[in-house]
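Participant: Structural data only, the sequence is not supplied:
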């Protein structure tokens with residue numbers, strides 16, 4: 001497709017190559033720093049709401065309020081999902097993915113839907129925590145991507161340097 005304003009040929013996102021494992025992991029690390037920063041701010045607000053007297057030192061162990069633990073866990077899961085779903089649905093790229101020129105998309109090059117984002121997010125956790133087997137699947141079958149790519153009908157592709165997400 002040719003853009004008449006700049007006379008450049010625009011590439012079809014469906015034709016972008018599948019991204020490699022190391023780029024994905026480094027982008028995940030970048031995003032992990034951002035998500036951890038969000039958790040720290042929200043965790044502070046939750047701690048402020050519950051008060052500082054909810055944590056006690058008992059026999060050398062820190063014992064916390066079970067309700068506060070549940071609220072913090074819920075906050076961590078929902079904010080990390082919200083982070084990824086918002087970026088994947090808006091541009092297909094989180095901030096770490098932009099830095100490493102990656103894009104999550106459907107096989108036809110379109111952005112992920114909310115159900116696809118939820119499925120991809122939910123399946124990525126066991127893929128990572130079961131010794132990374134879901135990610136290492138990429139090394140065996142590059143065209144189908146990771147296991148969570150395959151089951152959510154998504155792809156993570158390497159975008160050209162000229163690609164602009166916004």
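Facilitator: It's in. Fair warning: this is a prediction, and the values are worked out from it, not measured in the lab.
Participant: residues in contact with the residue minimising distance to the centre of the chain?
Facilitator: Nearest to the mean C-alpha position of the chain, counting by CA atoms, centre = their mean, stands residue 84 at 4.4 Å. Contact analysis of residue 84 by CB atoms under 8 Å, 6 or more residues apart in numbering lists 31, 94, 117, 120-121. Using the backbone N, CA and C atoms, a C-beta is placed for each residue, glycine as well.
Participant: which residues of this structure fall in helices?
Facilitator: 21-50, 66-90, 95-99, 114-129, 133-140, 147-152 (DSSP state H).
Participant: Same list (these) but as JSON lines, adding mean pLDDT and distance to residue 15.
Facilitator: Formatted as JSON lines, those follow (pLDDT from 0 to 100; distance: least, CB to CB, whole Å):
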{"stretch": "helix 21-50", "mean pLDDT": "95", "distance to residue 15": "18"}
{"stretch": "helix 66-90", "mean pLDDT": "96", "distance to residue 15": "20"}
{"stretch": "helix 95-99", "mean pLDDT": "95", "distance to residue 15": "18"}
{"stretch": "helix 114-129", "mean pLDDT": "94", "distance to residue 15": "20"}
{"stretch": "helix 133-140", "mean pLDDT": "88", "distance to residue 15": "19"}
{"stretch": "helix 147-152", "mean pLDDT": "92", "distance to residue 15": "17"}
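Participant: who wins for proximity to residue 58 among those?
Facilitator: helix 66-90 (14.0 Å; CB to CB).
Participant: Now do the closest one: distance to the chain's middle.
Facilitator: Relative to its parent chain, helix 66-90 has a centroid offset of 12 Å by CA atoms, centre = their mean, to the nearest Å.
Participant: relative to helix 21-50, how tilted is that helix?
Facilitator: Relative orientation of helix 66-90 versus helix 21-50 (axes from the mean of the first three to the mean of the last three CA atoms, to 10 degrees): 140 degrees.
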